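Undergrad: Sequence and predicted structure are below.
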Amino acid sequence: MRKFTAFALASMLSAAAFADQGDILARFRVIDVDPQVSSNGTLSTINTTVNSDTVPELDFTYMITNNIGTELILGTSRHDVNSSLGDLGKVSVLPPTLTLQYHFNPQGTFRPYVGAGVNYTYFYNNGLKVGSTPVSIDSSSWGGALQIGADYAITKDFFVNVDVKKLYIKTDASLNGTSLGTLTLNPIVYGVGIGTKF
């Protein structure tokens, strides 16, 4: 029993030796991008909605100090846009996001963190139409980002991760040069994955 206890304690201490200044943490997550849609103008009148999408995501955190890191989040999703007029088509969204994080327990087995930053969103592969007429949208958007999550060490070099982000994203839409209003997406992004450090 003493040997088992000593082994378990040694394993926990080994797993806890993590997230030092200068480390790079890499995570691979599966995320669900769930738009919290609001709109104005014609887009509101026709009850425009945007479906969620589940996709892979890759991110990297550089630990500036033992407690402070900066994370670059990379992923893209494609969303179906609907309205009371019917299906309006799909559009892809690429929102590279940079956050500044505070890690509360960087040397522990359980390591929660919070973050805030900025996202630049690029809209591409626009297939939106009303009937056969293409809908034009702004190709890019700048907005804020909020984040909360936690890493849980399973070995010294590997950990599991859960993460929730709120991104602030919007775009203006028009049809034949006539404004349809602003579509605000502001998705909540739920993620779970695995990571390692370099």
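TA: All right, it came through fine. Numbering: from 1, shown residues only.

Undergrad: wait, what's in contact with the nearest residue in space to V189 that is not next to it in sequence?
TA: Closest residue to V189 in three dimensions, ignoring its sequence neighbours and counting by C-beta to C-beta, 6 or more residues apart in numbering: K165, at 4.3 Å. Where you see a C-beta, it was placed from the backbone N, CA and C, and this is true even at glycine. Under the criterion of C-beta atoms under 8 Å, 6 or more residues apart in numbering, the contact list for K165 reads I73, T97, A145, L146, Q147, I188, V189, G191.

Undergrad: Please, where are all the helices along this protein?
TA: Residue ranges of the helices in the chain, as given by DSSP state H, are 2-16, 41-45.

Undergrad: looking at these, which one has the lowest mean pLDDT?
TA: Ranked by mean pLDDT, the helices of the chain bottom out at helix 2-16, which scores a mean of 44.

Undergrad: List the contacts of the residue lying closest to N67 once chain neighbours are set aside.
TA: The shortest distance from N67 to any residue that is not its chain neighbour, by C-beta to C-beta, 6+ apart, is 5.3 Å, and that residue is H103. Residues touching H103, when contacts are defined by C-beta under 8 Å, 6+ apart, comprise A19, M63, N66, N67, I68, G69, R111, P112, Y113.

Undergrad: Any quick PyMOL command for the buried ones out of the residues you listed?
TA: Provided next is the PyMOL selection string for whichever of those are buried by 16 or more other C-beta atoms under 10 Å:
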select buried, resi 19+63+67+69+111+113
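
Undergrad: Q36: which of the contacts of H103 is nearest?
TA: When these are ranked by distance to Q36 (C-beta to C-beta), Y113 comes first, at 22.8 Å.

Undergrad: wait, the closest one sits on N161?
TA: No: when contacts are counted by C-beta atoms under 8 Å, Y113 is not listed as touching N161 (9.8 Å).

Undergrad: picking that back up, just the contacts of K165: which are in strands?
TA: Cross-referencing the contacts of K165 against strands under DSSP state E gives I73, T97, A145, L146, Q147, I188, V189, G191.

Undergrad: Nearest to S84 among those?
TA: Distance ranking of the ones in strands among the contacts of K165 against S84, using C-beta to C-beta, places I188 first at 24.4 Å.
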